[in-house]
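> After the sequence you'll find the predicted model.
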Amino acid sequence: MQASVVSAKDLCLTYQTNDGPVHALSDVNLDVRKGDFVSFIGPSGCGKTTFLRVIADLEKKTSGEITVNGMTPDDARKARAYGYVFQAPALYPWRTIEKNIALPLEIMSYAADDQKKRIAEALDLVNLSGFEKKFPWQLSGGMQQRASIARALAFDADLLLMDEPFGALDEIVRDHLNEELLKLWARTNKTICFVTHSIPEAVYLSTKIVVMSPRPGRVTDVIDSTLPAERPLGIRETPEFLKIAHRVREGLRAGHSYEE
Ligand SMILES: Nc1ncnc2c1ncn2[C@@H]1O[C@H](COP(=O)(O)OP(=O)(O)OP(=O)(O)O)[C@@H](O)[C@H]1O
């Protein structure tokens with residue numbers, strides 16, 4: 001059996017706000033194994049981002065247990081356990097693509113030679129070799145998001161946390177990046193935690209789909225995908241794919257309130 005990369009047991013996180021407590025995560029139990037591609041899907045406010053932020057040590061749990069590579073999130077962060085890709089590419093417009101990717105490496109004091117090698121490898125992984133001297137505004141939205149993925153890959157963490165990275169892109173670009181991401185995942189054997197609002201995206205990409213529900217934020221279903229590892233885009237029209245998509249939709253419907 002593969003080792004646990006993220007393990008949550010009865011994990012709770014409550015934000016204290018002026019309007020009272022917000023239960024962003026309530027009794028979350030989840031095991032993410034090495035090499036898994038896990039999608040988190042659910043309506044706005046169900047705690048998807050909060051869960052990624054707890055893994056990344058950007059938020060502290062209120063109660064329960066969470067380990068990342070067997071460590072506390074604090075120790076895992078210090079051991080550079082993960083790369084984080086945000087919703088928007090968040091590239092600095094005054095820095096070239098290579099300088100943007102270099103930024104975390106500079107902060108972490110990697111040697112100049114090592115930085116260069118890592119930047120070249122990361123750009124190759126996202127098919128952006130040749131664009132290192134360009135500025136972000138010279139690239140399309142999809143290419144910018146690939147550059148931000150390269151930045152997260154550059155220090156070669158085994159765990160990649162991706163918070164709706166393709167949400168702002170049009171469908172054709174998104175399809176293409178989904179395909180590219182699967183190839184990258186297969187080539188690098190990374191563990192990926194991926195937040196999305198899209199059922200087809202979740203089903204297409206994942207080995208495991210975590211369906212969540214708000215108020216309080218909780219996990220309502222965990223679906224282990226039965227799709228093969230090899231996934232051409234056409235797989236989205238197969239009965240097996242539609243069956244999993246149906247189960248995700250049912251899970252979302254069960255946790256949805258139409259009164260808000
Ligand atoms: N820093 C914070 N302080 C107070 N409440 C917060 C904070 N961050 C998030 N929340 C609340 O916690 C709940 C979960 O938020 P979270 O961003 O994790 O949800 P989400 O599922 O990622 O939503 P979305 O799909 O809109 O990004 C929401 O009700 C949100 O308003």
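Sure, I can see it. Residues are numbered from 1 along each chain as shown.
> Tell me how many other residues surround the residue nearest to Val68 when sequence neighbours are not counted.
Nearest in space to Val68, with sequence neighbours left out and distances taken as C-beta to C-beta, 6 or more residues apart in numbering, is Ala76 at 3.6 Å. Every residue, glycine included, has its C-beta placed from N, CA and C. Counted with other C-beta atoms under 10 Å, residues neighbouring Ala76 total 23.
> give the contact list for Ala76.
Contacts for Ala76 (C-beta atoms under 8 Å, 6 or more residues apart in numbering) come out as 55, 57, 67-69, 82.
> got it, and Glu240?
Residues in contact with Glu240 (C-beta under 8 Å, 6+ apart) are 226-227.
> My reading is that it is in a helix; is that accurate?
Yes. Assignment of Glu240 by DSSP: H, G, I helix; E, B strand; the rest coil places it within a helix.
> Just the pLDDT at it, thanks.
Predicted confidence (pLDDT) at Glu240: the value is 96.
> do Asp170 as well
82.
> Also Val85?
Confidence score, pLDDT, at Val85: 87.
> need the strands for the stretch 101-250 of the chain, in chain order.
Applying DSSP state E, counting those that start in this stretch to the stretch 101-250 of the chain gives strands spanning 159-163, 191-196, 208-213, 218-224.
> what residue is smack in the middle of this structure?
Met162 (2.2 Å; C-alpha atoms, centre = their mean).
> Verify the contact between that one and Phe194 for me.
Yes. The pair Met162 / Phe194 is scored as a contact, 4.6 Å apart, by C-beta atoms under 8 Å.
> Around Thr188, how many other residues sit close by?
Each residue near Thr188 was counted by other C-beta under 10 Å, and the total is 15.
> So, low pLDDT: which residues of the stretch 101-250 of the chain?
Applying pLDDT under 70 to the stretch 101-250 of the chain picks out no residues at all.
> Break this structure down into its domains, please.
The chain resolves into domains spanning 4-81+158-254, 92-156 when parsed by automatic domain parsing.
> The longest one and the ligand, are they touching?
To tie it back to what came earlier, the one meant is domain 4-81+158-254. Yes. Domain 4-81+158-254 lies within reach of the ligand by C-beta under 6 Å from any ligand atom, at 15, 17, 22, 24, 42, 44-50, 217.
> how many other residues sit next to the residue in the stretch 151-260 of the chain that the ligand sits nearest to?
Proximity of the stretch 151-260 of the chain to the ligand (C-beta to the nearest ligand atom) peaks at Gly217, 5.3 Å away. Look at Gly217: counted by other C-beta under 10 Å, it has 24 neighbours.
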